[in-house]
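Colleague: coords please:
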Amino acid sequence: MMKWKRVIAAILSAMMVTAVFAGCGPGDEGGGTGGAVGTDDLDFKGETITFAYPPGYDMVYTEDTDDPYLIYQRERMDELEQRFNCKIEQIEGKGQYWTQMATTVAAGSPLGHIMVTQENYILDWFKRGAIANLADAMAETGIDFTDSRYSQTVRKMTRFDGGQYAFCDVPLNPTGALWFANLSLFERDQLGDIYEMIENKEWTWDKCEEIATKATKTDATGTTTQWGIRAYQHWAFLLSLAVSNGGSIASFDSEGNPTLPLSEPAATQAFQKFYDWGVIKKIANINDGSQNWDQPLQEFTEGNIALLVAGNKLLQIAQENAMEDQIGVIYPPMGPEMDDYAINSQCGQMYFIPTTYQDMASELLLLVNELYAPYEDMTHEDMIMAKYSKRIDNEDSMRIYIDLATNADRYAYDAVQLTKLDWTSPSVHEMCAKVLHGDQTPGDAIAANTQQFLATMSDMMEGHTLKMNEP
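Modeller: You can find the predicted model right below:
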């Protein structure tokens, strides 16, 4: 543990030295396939360039923040203001951020020049003409987002009709559902060394079931007092199991047509396991949508859940609640069709330029490309360690966390959110809830929804293409 703390201290020290002696920001290397062109003449003539973020996402720098990434980014923005004769403003939107996006763009008054969205909104906004096509700007500047500083998942999943509509730097955290272990509970209940299991490729569905069965406890009245598994979101838990078995829920074929791998064996096996653990064996408490999404995360911090499937927010909640037990970040257990660990990746937060500023797209891309320039004297892994060192306090967890964050593009992307199968009606949400309530078996649920799901996806993509498998 002391060695681990010394590593973190060295990284933080290096960041401070860089800030003092290297201009407080990343280097100025070019990006794209051949380096950004035109930055020597880039001059915004004193204009304010606004980055707008959703409310509650903690993406805006404030003077009291201790987030090293937000500090680093703001310092970089300050430097670019001087270089390109502009003022860079960061603002957080209000509660209407999502619902008023397309109308404010149509009225010519979007909140920002560069804005943040998520995948379950972008297709709607694209179809309504709210998002600028960056293809011409990319050709003019030489920036094509294939550079390693950009998320390839976002690049591929926002290439509608041959254009490019969004971008994002490589995130500092995994974007899909994560698996966490209460390492202290594992020790108390003698459940074994989870990282030794992972290292030896013994962390499988069968091993997970064995551990969850042992960890689940009930009192004299039959009330469960400790859960083997808790999942914050039913469909996300199903998706995690499907991907860990080499499957998924929704996708696109090589021609850009929607497909439903949910009906294929790898995913149907996962749905059956979801049903066995949650309904038959009752070793998993899976949120059916009736609870607040943060409730399982809050319960995990109380120390009576062995395994939790949740979002990255768990790390924040555990820190805020001063959780006494030690958290471990782990891979999802391997399904029988796999010989290695896999996790579903999502686009997460991604950036776009409103069509209001289509004519400025080249200049804005040049600015963003400079903002995303590599850190001086730091790797991306160093920044992750610096950002999350207070929340992940053991080497095995951080090693896996860094792998999940930096290598997200190699994992399986699922289009369930992009095509709105997650919460529309019919939805994967409704399907999972019926199975958890015992109204349908997994096989019946898939049979009842396959055609409707495909129709929903086809309606969403009608007249448009997305060839996610093209380079």
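
Colleague: Let me see the ranges of the strands in the chain.
Modeller: Secondary structure of the chain (DSSP state E): strands located at 48-53, 87-92, 114-117, 178-182, 217-218, 224-231, 251-252, 258-259, 284-286, 305-310, 327-330, 344-345, 350-352, 412-413.

Colleague: How far does the fifth one sit from its chain's centre?
Modeller: Per C-alpha atoms, centre = their mean, to the nearest Å, the displacement of strand 217-218 from the mean C-alpha position of its chain is 33 Å.

Colleague: so what strands line up beside that strand?
Modeller: Sheet pairing of strand 217-218 (DSSP bridges) gives strand 224-231 (antiparallel).

Colleague: Just the endpoints, please. Distance across stretch 312-328?
Modeller: 12 Å (C-alpha to C-alpha, to the nearest Å).

Colleague: just to revisit the earlier point, could you dump the strands of the chain into TSV with mean neighbour count and distance to residue 292 added?
Modeller: For the C-beta atoms, the positions are set from N, CA and C on the backbone; glycine is no exception. Putting the strands of the chain into TSV (neighbours: other C-beta atoms under 10 Å; distance: least, C-beta to C-beta, whole Å) gives the following:
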stretch	mean neighbour count	distance to residue 292
strand 48-53	19	23
strand 87-92	16	22
strand 114-117	23	23
strand 178-182	25	18
strand 217-218	12	24
strand 224-231	20	13
strand 251-252	22	30
strand 258-259	18	31
strand 284-286	24	14
strand 305-310	25	12
strand 327-330	24	20
strand 344-345	24	23
strand 350-352	24	26
strand 412-413	21	27
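
Colleague: Any figure for the gap between the residue positioned nearest the centre of the chain and residue 317?
Modeller: In the chain, the residue lying closest to the centroid (C-alpha atoms, centre = their mean) is residue 175, at 1.5 Å. To residue 317, residue 175 is 18 Å away according to C-beta to C-beta, to the nearest Å.

Colleague: can you check residue 227 too?
Modeller: With C-beta to C-beta as the criterion, residue 227 and residue 317 are 17 Å apart.

Colleague: now do residue 109
Modeller: 36 Å.

Colleague: Neighbour count for the two, which is higher?
Modeller: Counted by other C-beta atoms under 10 Å, residue 109 and residue 317 do not tie: residue 317 has more neighbours, with 17 against 10.

Colleague: Residue 301 versus the more buried one, what's the distance?
Modeller: Using C-beta to C-beta, residue 317 is found at 6 Å from residue 301.

Colleague: cool, residue 347 as well?
Modeller: 28 Å.

Colleague: Between these two, tell me which one has more neighbours.
Modeller: For the pair residue 347 and residue 301, the greater number of neighbours falls to residue 347 (25 against 21), based on other C-beta under 10 Å.

Colleague: The more buried one - nearest residue in space that isn't next to it in sequence?
Modeller: residue 119 (4.4 Å; C-beta to C-beta, 6 or more residues apart in numbering).

Colleague: Enumerate every residue touching that neighbour.
Modeller: 157, 346, 347, 350, 417, 418 (C-beta atoms under 8 Å, 6 or more residues apart in numbering).

Colleague: Looking at those residues, which are in helices?
Modeller: residue 157 (DSSP state H).

Colleague: Quick check: the two most widely separated of the contacts of residue 119?
Modeller: 350 and 417 (12.0 Å; C-beta to C-beta).

Colleague: Between those two, which contacts overlap?
Modeller: 118, 119.

Colleague: Show me the shaky parts of the stretch 251-400 of the chain.
Modeller: Within the stretch 251-400 of the chain, the set of residues satisfying pLDDT under 70 is empty.

Colleague: try 90 this time
Modeller: 252-258, 343-348, 374-378, 390 (pLDDT under 90).

Colleague: In it, what residue spans correspond to helices?
Modeller: 265-275, 295-300, 313-320, 361-371, 380-388, 395-406 (DSSP state H, counting those that start in this stretch).

Colleague: out of these, nearest to residue 446?
Modeller: helix 265-275 (6.5 Å).

Colleague: got the contact list for the nearest residue to residue 406 once chain neighbours are set aside?
Modeller: Closest residue to residue 406 apart from its sequence neighbours, by C-beta to C-beta, 6+ apart: residue 380 at 5.9 Å. By C-beta under 8 Å, 6+ apart, the contact set of residue 380 is 170, 172, 406.

Colleague: Look at the last one and say how many residues are nearby.
Modeller: Per other C-beta under 10 Å, the neighbour tally for residue 406 reads 18.

Colleague: what's the spacing between it and residue 100?
Modeller: Counting by C-beta to C-beta, the gap from residue 406 to residue 100 is 35 Å.

Colleague: Which parts of this structure belong to which domain?
Modeller: Domain assignment of the chain by automatic domain parsing yields the ranges 2-170+347-393, 178-346+414-461.

Colleague: Can I get those in a markdown table including distance to residue 469?
Modeller: Output for the domains of the chain, formatted as a markdown table (distance: least, C-beta to C-beta, whole Å):
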| stretch | distance to residue 469 |
| --- | --- |
| domain 2-170+347-393 | 8 |
| domain 178-346+414-461 | 5 |
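
Colleague: partner residues bridging the nearest residue to residue 253 once chain neighbours are set aside?
Modeller: Nearest residue to residue 253, sequence neighbours excluded (C-beta to C-beta, 6+ apart): residue 259, at 5.2 Å. According to DSSP bridges, the partner residues bridging residue 259 are residue 251.

Colleague: Now stretch 147-165: buried residues?
Modeller: 147, 149-160, 164-165 (16 or more other C-beta atoms under 10 Å).

Colleague: was I right about residue 39 contacting residue 370?
Modeller: Yes - counting by C-beta atoms under 8 Å, residue 39 touches residue 370, with 6.4 Å between them.

Colleague: re the thing from before, how about the nearest residue to the residue nearest to the centre of the chain, chain neighbours excluded?
Modeller: Closest to residue 175 by C-beta to C-beta, 6+ apart is residue 348, at 3.7 Å.

Colleague: Now the terminal residues of stretch 207-225, how far apart.
Modeller: Stretch 207-225: ends 22 Å apart by C-alpha to C-alpha.

Colleague: Which of the strands of the chain sits closest to residue 463?
Modeller: strand 258-259 (13.1 Å).

Colleague: Report all helices and strands that the closest one contacts.
Modeller: strand 251-252, helix 442-461 (3 or more C-beta pairs under 8 Å, 6 or more residues apart in numbering; DSSP states H and E).

Colleague: quick one: contacts of the last one?
Modeller: Translated: helix 442-461. 123, 250, 256, 258, 260, 262-263, 268, 271-272, 274-275, 415, 419-421, 424, 426, 428, 431, 434-435, 440.
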